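1. Pasting the sequence and the predicted model now:
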Amino acid sequence: MGITDMQEAFYYRECAAAHENSPLGLHYAMFLPTINKQATPEQKKKWLPLAENYKMIGTYAQTELGHGTFIRGLETTATYDPKTKEFILDSPTLTSKKYWPGCLGKTSNHCVVMAQLYTQGKSHGPHMFMVQIRSMEDHSVLPGIEVGVIGNKFGYGTNDNGFLSFDKLRIPRENMLMRYSQVGRIPRENMLMRYSQVSRIPRENMLMRYSQVHEDGTYVKPQNAKLAYGSMVLIRSSIVSDAARGLAQACVISIRYSAVRRQTEAYPGGEEPQILDYQTQQYRLFPLLASAYSLQLAGKYVFNTYLEVNDQIEKGNLESMPELHALSAGLKAFSTYEASAGIEVCRICCGGHGYSQASGLPKIYVDVVPGCTYEGENTVMMLQTARYLMKCYSRAKQGQKLPGFVQYIGQNLNKKSCMSEEVALGCLVMAYEHRAARLVEAAAMRMQSLIQGGKKQHEAWNGSSVQLFWAAKAHCHLFCVKNFVDAIQAKSLSSKTVTVMKSVCQLYGVHGILENLGEFMQDGFFSGEQVGYLQRKMLALFENIRPNAVALVDAFDYPDMVLGSCLGRYDGQVYQALYDYAKSAPMNQTEIHSTYYKHLKPLINPETTSDAMQFAKL
Ligand SMILES: CC(C)(COP(=O)(O)OP(=O)(O)OC[C@H]1O[C@@H](n2cnc3c(N)ncnc32)[C@H](O)[C@@H]1OP(=O)(O)O)[C@@H](O)C(=O)NCCC(=O)NCCSC(=O)CCCC(=O)O
Ligand SMILES: Cc1cc2nc3c(=O)[nH]c(=O)nc-3n(C[C@H](O)[C@H](O)[C@H](O)COP(=O)(O)OP(=O)(O)OC[C@H]3O[C@@H](n4cnc5c(N)ncnc54)[C@H](O)[C@@H]3O)c2cc1C
C-alpha cells in the first residue's frame, strides 16, 4: 500500500485483520528493525531493499526447545572457519533446536539466528547471523536445514510459529550481523568511516568505543554486549501499548454491553436496570477502564523513551541503556499482567454471552496473553527491573544522586500519609512512592541479611526474589500512577475533560491502593481512618464516572470492524447481532447434521445401523 508511517501501517493492518496475528508480523516487528539496528551499512545496503520489498521474508529465531529466558544458555553454535571465511551453524542437541519463533514454520525464507559464536577456539557468547532457510525462487527448504511448524497453540492460529535446526550449515562470514561485533580482519579505517556516518560526535569517542580492536585480532568486542539485545528492548517498549489496546478494546465491549443489557427487576414489578448501574459491575469494570487509560499513557512514554535512548545509542552514548532496559522490562510485564487479567474480568462481566466467540473477547485475550511470556517471561523481566532497583538503592545509600524517576528510592520512610477525605492526587503519588521505596528497601535488607548470614550472592538473590518481585511491581505501579497524574496536569486539556479524567486517574490510584492494602499499611503509613476515606472515595468515583462511562470507551475510537464483537457494537443492537451470528453458524447450514446418520440414528433406531455404516463409509 506504500504506507511509510509505522503507526499508520499498524492501524491499517489492525483494520484488515483485527486480533489475527499476522504471519508477516515478525518480519516487520523484529526482522527489519534488527537489520536496521544491528547490521553494518554494507549489510543494510544488501539486505534492506530485499526485505523492504518482501523478497526476503524473515523472522527472529532465538528461543530453543531447551532455553528461552536464559539467552546465554542457547546451544546453537556458529563456529568460524578462517580457511573458507565461513561460519558453520550447527544444532548439536535436541534442546538446541530453535522452537517458537513466529512466522518461521512456513512463511519465512530468511531469519536472524541467535547462536553462540566460536572463533579461534574460544566462545564469545550469543551473536546474530543472517541465515537463508528457503529458496527465494521456489520456497523449497535449503540443504542443511530442517524447518516446520510447532503445531496448535493457545491462540495465534494465524501465525506459523516454527522449529528450526542446522546440520553443519555453512554461511559466509559477511552474514554475521557485524555492526557492533566483528570477526575477521577489518581495517580500522572502515570503522572510523562507518562511525562518522552515524553521528556527529568527536572521532576520539569512536576510538574509545572500539578501543578493543586488535589489528590482527579476529574478534572485536562491542562497547556493550547487551547491544545485541536491542531488538528485544524495542519490542518490549511497544508491547506496553499493545497490552493497553487489548484492555481498552475489552473495556469498550464490556462497558457498552453493560449499558445495553438489563437484568433483574430492581424491586418487585420495577424496571430491570442496565447492569452498568450495579455497583459491583462498576467495581469490576471502571478500575479496568482507568487502567486502560493509564497503560496507554505509559505505553506512549516508554516508546518515546526508547526512541530518545536509541538516538543516543546511535551517537555512541550508551549511558541510558540500563535505565531503558529496567523501564521497558518492568512495564512490559506489568502491563501484560494487568491487561490479561483485566480482559478476563471484562469477559466474565458479560455473563454467558461473554463466553461466545461472538463477544470478540476470547480473540482479544489469546492475542494479548502471550505477551506475558514472549519477549521475556514476566517474572524474569520483573526481576531484571528489581536488579536495577537494587543498584539504585545502594547508590542512594552511598549518597549518590539517582536519575529522574528513581529518585524516590532511599527516601525517609518515617513519614505518614497526607491523605484526607478529598484524596488529593499529590497524596496518592506520595503513597505509591512510599510503598515502592519501602518494598525496595525491604528487598535490599533481606538480601543483605541473607548474605550476612553466610549465603552466597545467588542464593541470597533467590531467597529474596519474592520480595524483589514485589518491589519491581510496586515501582511499575508507581510509574503508571505518576505518569497518569503528570499527563493530566501537563496537558492543555479543556477544564471539562480535566474534571472527567481526574476522576478516572483518582480511581486508578485509589483502587490500586485498596487492592494492595497490606503493602501500604504494613508499616502504619495509612491509618484505618484514612483507608475509610479511600473506600468512600472509590464508591463516590463510581457515581462520578457512571454518566461518562460509555463516552469514555467511545473515546478510544475503535470501529466495530476492529472490535469484531456482537456485544460491543456502537449502535447497541446486541440481540439482533447475536441472533444473526447464530444463524450464520456453519452447523445451521443444513437441517440435519451428518452426525445424526453416523451416531444418533443407530442409537435411536438400532435396526438401521447398516444404513448408518454405509453413510459413514461414504
Ligand atoms: C533475562 C536476560 C535479560 C538475562 O540476560 P543475561 O545476559 O544473562 O544478563 P544478566 O547476567 O542477568 O545481566 C547482565 C547485565 O545486563 C543487563 N541487561 C540485560 N538485558 C539488557 C538489555 N536488553 N539492555 C541493557 N542491559 C541489559 C542486566 O541488567 C545486567 O546489568 P547489571 O550487570 O546488573 O548492570 C536475558 O537472558 C533475556 O533478555 N531473556 C529474555 C529472552 C527474550 O526476551 N526472548 C525473546 C525472544 S523473541 C520473541 O519472543 C518475539 C515474540 C514476538 C511476537 O510473537 O509478537
Ligand atoms: C506466542 C509466542 C511467540 C513467540 N515468538 C518468538 C519469536 O518470534 N522468536 C523467539 O526467539 N522466541 C519466541 N517465543 C519464545 C519466547 O520468547 C519464550 O518462550 C520466552 O522468552 C520465555 O522463555 P521460556 O519459554 O524459556 O520460559 P522459561 O524460562 O522456561 O519459563 C518457565 C518458568 O520458569 C521461570 N523462570 C525461568 N528463569 C527464571 C529465573 N531466572 N528466575 C525466576 N524464574 C525463572 C519463569 O518465571 C516461568 O515461570 C515466542 C513464545 C510465544 C508463546
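-> Thanks, I have it. Ligands and ions are numbered 1, 2, ... in the order given.
2. Low-confidence ranges, the chain, go.
-> 181-218, 491, 608-618 (pLDDT under 70).
3. Flag every residue of it that's near ligand 2.
-> Listed as neighbours of ligand 2 in the chain under the rule CB under 6 Å from any ligand atom: 26, 59-63, 67-69, 100-102, 156, 161, 370, 373-377, 379-380, 383. C-beta here means a position set from N, CA and C on the backbone, and glycine is covered the same way.
4. and the residues you listed, which are buried?
-> Buried members of the residues of the chain next to ligand 2, scored by 16 or more other CB atoms under 10 Å, are 26, 59-63, 67-68, 100-102, 156, 161, 370, 374-376, 383.
5. Say whether ligand 1 is contacted by stretch 108-128.
-> No - using CB under 6 Å from any ligand atom, stretch 108-128 stays clear of ligand 1, coming no nearer than 8.0 Å.
6. same deal with stretch 239-250?
-> No - judged by CB under 6 Å from any ligand atom, stretch 239-250 makes no contact with ligand 1; its nearest approach is 8.1 Å.
7. What lies in contact with that stretch?
-> 288, 291-293, 295-296, 298-300, 302-303, 328, 331-332, 335-336, 338-340, 342-343, 346-347, 360-361, 364-365, 367-368, 371, 375, 553, 556, 558, 562-563, 568 (CB atoms under 8 Å, 6 or more residues apart in numbering).
8. If we use 7 Å, what do you get?
-> Around stretch 239-250, the neighbours that count as contacts under CB atoms under 7 Å, 6 or more residues apart in numbering are 288, 291-292, 295-296, 298-299, 302-303, 331-332, 335-336, 338-339, 342-343, 346, 361, 364, 367-368, 371, 375, 556, 558, 563.
9. which ones among the residues you listed are found in strands?
-> In strands, judged by DSSP state E, none of the contacts of stretch 239-250 are found.
10. what about burial for those, which qualify?
-> Among these, the ones that count as buried by 16+ other CB under 10 Å are 288, 291-292, 295-296, 298-299, 302-303, 331-332, 335-336, 338-339, 342-343, 346, 361, 364, 367-368, 371, 375, 556, 558, 563.
11. can you give me the strands for the protein?
-> In the chain, the strands defined using DSSP E lie at 58-61, 77-81, 86-90, 98-99, 110-119, 122-132, 145-149, 162-166, 169-172, 182-183, 219-220.
12. Distance to Val481 for those strands - can I get that in CSV?
-> Shown next, in CSV, are the strands of the chain (distance: least, CB to CB, whole Å):
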stretch, distance to Val481
strand 58-61, 34
strand 77-81, 45
strand 86-90, 47
strand 98-99, 39
strand 110-119, 36
strand 122-132, 37
strand 145-149, 42
strand 162-166, 41
strand 169-172, 49
strand 182-183, 45
strand 219-220, 45
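13. Comparing the ones you listed, which stretch has the densest surroundings?
-> Most buried of these, by mean neighbour count (mean count of other CB atoms under 10 Å): strand 58-61, with a mean of 30.
14. Are there helices or strands packed against it, and which ones?
-> Using 3 or more CB pairs under 7 Å, 6 or more residues apart in numbering; DSSP states H and E, the elements in contact with strand 58-61 are strand 110-119.
15. Give me every residue in the stretch 251-400 of the chain lying close to ligand 1.
-> With CB under 6 Å from any ligand atom as the criterion, the stretch 251-400 of the chain comes near ligand 1 at residues Met321, Pro322, His325, Tyr374, Glu375, Gly376, Val380, Gln384, Arg387.
16. Pull the most distant pair out of those residues.
-> Pro322 and Tyr374 (22.3 Å; CB to CB).
17. Name all residues that make contact with the residue in the stretch 401-550 of the chain that ligand 2 sits nearest to.
-> Proximity of the stretch 401-550 of the chain to ligand 2 (CB to the nearest ligand atom) peaks at Ser465, 6.3 Å away. Listed by CB under 7 Å, 6+ apart, the contact set of Ser465 reads Leu383.
18. quick check: longest helix of the protein.
-> Counting residues, the longest helix in the chain under DSSP state H turns out to be helix 279-314.
19. Check which helices and strands that helix sits against.
-> helix 230-260, helix 321-348, helix 465-490, helix 495-515, helix 528-545, helix 549-554.
20. Buried residues of it, list them for me.
-> 281-282, 284-299, 301-303, 305-306, 309-310, 313.
21. okay, the angle between it and helix 465-490?
-> 90 degrees (axes from the mean of the first three to the mean of the last three CA atoms, to 10 degrees).
22. Not counting its own residues, what contacts stretch 548-566?
-> With contact meaning CB under 7 Å, 6+ apart, stretch 548-566 is reached by 14-15, 18-19, 248-249, 251-253, 255-256, 259, 276, 286, 289, 358-360, 363, 500, 504, 569-570, 574, 577-578, 581.
23. Buried ones from those, can you make that a ChimeraX selection?
-> Buried residues among these (16+ other CB under 10 Å), as a ChimeraX selection:
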select :14,18,19,248,249,251,252,253,255,256,259,276,286,289,358,359,360,363,500,504,569,574,577,578
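24. Regarding Leu177, what are the backbone dihedral angles?
-> phi -70, psi 100 (degrees, to the nearest 10).
25. got the contact list for it?
-> Gln38, Ala39, Gln43, Val112, Met128, Phe129, Met130.
26. ditto for Tyr432
-> His477, Leu478, Val481.
27. Contact partners for the second one?
-> The reference is to Leu478. By CB under 7 Å, 6+ apart, the neighbours of Leu478 are Tyr432, Glu433, Ala436.
28. Ok, the first one next?
-> Contacts of His477 were listed using CB under 7 Å, 6+ apart, and they are Phe334, Tyr432, Gly512.
29. returning to that earlier point: I'd like the contacts of Tyr432 written out as CSV, with distance to Ala243 added.
-> Converted to CSV, the contacts of Tyr432 look like this (distance: CB to CB, whole Å):
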residue, distance to Ala243
His477, 15
Leu478, 18
Val481, 17
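30. Looking at the residues you listed, which one is closest to Ser495?
-> Nearest member of the contacts of Tyr432 to Ser495, counting by CB to CB, is Val481, at 22.3 Å.
31. if I read this right, that closest one contacts His511, doesn't it?
-> No - contact criterion CB atoms under 7 Å: Val481 and His511 do not qualify, at 10.7 Å.
32. Settle it for me: which of those two has more neighbours?
-> Each of Val481 and His511 has its neighbours counted (other CB atoms under 10 Å); Val481 has more, 24 against 20.
33. so how far is Arg170 from the more buried one?
-> Plainly put, Val481 is 54 Å away from Arg170 if you go by CB to CB, to the nearest Å.
34. now do Leu389
-> 45 Å.
35. do Ser417 as well
-> Distance from Ser417 to Arg170, by CB to CB: 66 Å.
36. Over to Tyr570?
-> 57 Å.
37. same deal with Phe334?
-> 44 Å.
38. now do Ile275
-> 65 Å.
39. Equivalent analysis for Leu89, please.
-> Taking CB to CB, one finds Leu89 at 8 Å from Arg170.
40. What residues does the chain have near ligand 1?
-> Residues of the chain lying near ligand 1 (CB under 6 Å from any ligand atom): 25, 29, 60, 62-63, 68-72, 102, 226, 229, 232-233, 235, 321-322, 325, 374-376, 380, 384, 387.
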